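S.K.: requesting a structural model of the entry that follows:
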Amino acid sequence: MSERPILVKVRDLHIQGRADEEWLPIVNGVDLDLHKGEVLGLIGESGAGKSTVGLAAMGFARDGCRISGGSVEFDGIDLVNADAATKRSLLGRRIAYVAQSAAASFNPAHKIITQHTEAPVCHGVYSRAESEADAMQLYERLRLPNPTEIGFRYPHQVSGGQLQRAMTAMAMACRPDLIIFDEPTTALDVTTQIEVLAAIRDIVEQFDTAAIYITHDLAVVAQMADKIKVLLKGDEVEEADTRTMLADPQQEYTKSLWAVRSFESEQKPPPGPNAVPVISLREVDASYGSTPVLFNVSFDIYAGRTVAVVGESGSGKSTAARCITGLLPPTRGHIDFNGHRLPLEPPAFQGPAAPGANDLPDGRYRAQPAQTDRRYHRPPGRILPRP
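M.R.: Residues are numbered from 1 along each chain as shown. Down below sits the predicted model:
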């Protein structure tokens with residue numbers, strides 16, 4: 001990989017952020033070299049400066065930040081001192097960016113393929129028709145379902161994993177030399193994350209694209225990167241090829257990150273035979289309208305213990321929680337709280353109760369469901385502005 005020409009060269013990068021009327025350092029003297037076709041993993045905890053360094057590799061700093069020192073070169077072009085026209089000619093055409101949240105990045109008012117074709121048409125790479133045809137090929141390579149029609153949907157009409165792959169396709173539309181992936185799978189469930197990562201890895205290899213992959217996930221960086229750079233509070237900790245970094249990290253901070261892989265929780269003794277679970281679900285089904293979404297679910301939660309409910313998107317995790325809290329009544333089965341059966345439906349509102357009617361024998365008060373008055377009333381008088 002090192003025999004290939006250097007595409008991105010960063011030297012002694014310093015970035016400052018504006019706070020309380022003064023400029024404070026947030027990145028301190030970071031260096032990096034990225035060769036053509038190479039994938040660099042930037043890893044570190046939140047606030048380490050990963051995204052800031054990744055954006056600086058594009059010659060960009062967020063609002064309230066500035067590149068205060070050092071140099072950033074892309075294919076011999078000085079991005080720190082380049083004028084706006086030079087940067088516009090590169091961004092989207094030779095340099096692309098994939099954000100963490102595709103849902104927040106797409107325009108909800110336009111179809112996916114309309115947004116995909118904008119950059120190649122504006123940069124003169126393809127005509128609109130050619131760009132649409134190319135988009136469908138990219139959708140197929142990225143393993144999107146129905147590649148010939150999915151682009152004609154609006155962003156809200158596809159899943160999060162599909163939208164993230166559509167954003168990767170959009171980044172590849174002009175066949176850029178460099179893509180910045182800014183934690184693109186963080187918000188996805190594990191199953192979808194694996195699909196998206198595999199698709200990203202395949203398409204980067206197919207087009208020999210260099211990439212900076214920003215993440216805090218060790219499993220992700222091990223799959224994606226040729227080499228890894230570790231950051232901490234804006235400082236460079238160490239850098240090595242992926243195999244060496246995973247097998248033999250040199251710095252204590254890097255070793256502490258890797259040690260998370262071998263973390264083992266303390267095993268508690270099982271509940272006693274007479275222990276009563278705080279929550280017990282038995283053969284619970286649930287539906288949204290006429291659509292069944294939960295089938296025959298049973299589990300117990302005991303005091304002082306945590307139950308992890310794990311599954312991919314749409315598996316029913318949140319639905320089970322809604323059933324437990326009473327937000328969604330089950331259609332079958334039952335839920336017990338401290339050994340007492342919970343009603344499947346909240347009691348009907350019977351009007352104001354007589355004084356003392358809701359008191360329990362031991363003097364406690366029996367809570368009643370709130371009644372919402374859905375009628376709208378016109379205000380009795382004119383609303384005056386605040387003085």
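S.K.: going forward, measure contacts between C-alpha atoms and count neighbours the same way
M.R.: Will do.
S.K.: over the strand or helix carrying residue 104, what's the mean pLDDT, rounded is fine.
M.R.: If you go by DSSP states H and E, residue 104 is part of helix 102-105. For helix 102-105, mean pLDDT is 86.
S.K.: go on, stretch 149-162?
M.R.: 88.
S.K.: who's in contact with it?
M.R.: 102-103, 106-114, 135-136, 144, 163, 188, 192-193, 196 (C-alpha atoms under 8 Å, 6 or more residues apart in numbering).
S.K.: the lengthiest helix in the chain packs against which elements?
M.R.: Ordering each helix of the chain by length in residues (DSSP state H) puts helix 190-206 first. Contacts defined by 3 or more C-alpha pairs under 8 Å, 6 or more residues apart in numbering; DSSP states H and E place helix 190-206 against helix 160-171, helix 218-224.
S.K.: so the residue nearest to residue 15 when sequence neighbours are not counted versus residue 214, what's the distance?
M.R.: Leaving out its chain neighbours, the residue that sits closest to residue 15 by C-alpha to C-alpha, 6 or more residues apart in numbering is residue 67, at 4.5 Å. Distance from residue 67 to residue 214, counting by C-alpha to C-alpha, to the nearest Å: 19 Å.
S.K.: between the two, which is the more surrounded one?
M.R.: Of the pair residue 67 and residue 214, residue 214 is the one with more neighbours under other C-alpha atoms under 10 Å, namely 27 against 21.
S.K.: what's the helix or strand for the more buried one?
M.R.: Counting by DSSP H and E, residue 214 is found in strand 210-215.
S.K.: so how far is that strand off the chain centroid?
M.R.: Relative to its parent chain, strand 210-215 has a centroid offset of 15 Å by C-alpha atoms, centre = their mean, to the nearest Å.
S.K.: over to stretch 240-248?
M.R.: 26 Å.
S.K.: what's the answer for stretch 191-202, then?
M.R.: With C-alpha atoms, centre = their mean, you get 14 Å for stretch 191-202.
S.K.: pLDDT of that stretch, averaged?
M.R.: Rounded mean pLDDT across stretch 191-202 is 79.
S.K.: who touches residue 307 in this structure?
M.R.: Residue 307 touches residue 301, counting by C-alpha under 8 Å, 6+ apart.
S.K.: quick one: it is in a strand?
M.R.: No: if the criterion is DSSP: H, G, I helix; E, B strand; the rest coil, then residue 307 is coil and not within a strand.
S.K.: what separation do you get for it and residue 315?
M.R.: 16 Å.
S.K.: do the same with residue 286
M.R.: Counting by C-alpha to C-alpha - residue 286 and residue 315 are separated by 12 Å.
S.K.: and residue 42, by the same measure?
M.R.: 32 Å.
S.K.: next one: residue 26
M.R.: Taking C-alpha to C-alpha, one finds residue 26 at 41 Å from residue 315.
S.K.: these two: which has the busier surroundings?
M.R.: The neighbour count for residue 26 versus residue 315, taken as other C-alpha under 10 Å, is higher for residue 26 (20 against 13).
S.K.: report the angle between the helix or strand harbouring that one and strand 210-215.
M.R.: Assigned by DSSP H and E, residue 26 belongs to strand 22-35. Counting by axes from the mean of the first three to the mean of the last three C-alpha atoms, to 10 degrees, strand 22-35 lies at 130 degrees to strand 210-215.
S.K.: report all helices and strands that the helix or strand in which residue 244 is found contacts.
M.R.: If you go by DSSP H and E, residue 244 is part of helix 242-247. In terms of contacts (3+ C-alpha pairs under 8 Å, 6+ apart), helix 242-247 is packed against strand 227-232.
S.K.: run the last query once more with 6 Å
M.R.: Where contact means 3 or more C-alpha pairs under 6 Å, 6 or more residues apart in numbering; DSSP states H and E, helix 242-247 is not packed against any helix or strand.
S.K.: how about that helix: buried residues?
M.R.: 242, 245, 246 (16 or more other C-alpha atoms under 10 Å).
S.K.: any idea which helix or strand comes after that helix?
M.R.: Next along the chain after helix 242-247, taking DSSP H and E as the criterion, comes helix 252-259.
S.K.: quick check: buried residues in that following helix?
M.R.: Within helix 252-259, the residues that count as buried by 16+ other C-alpha under 10 Å are 253, 254, 257, 258.
S.K.: could you do stretch 99-111 as well?
M.R.: Using 16+ other C-alpha under 10 Å as the test for burial, stretch 99-111 gives 99, 100, 101, 102, 103, 106, 111.
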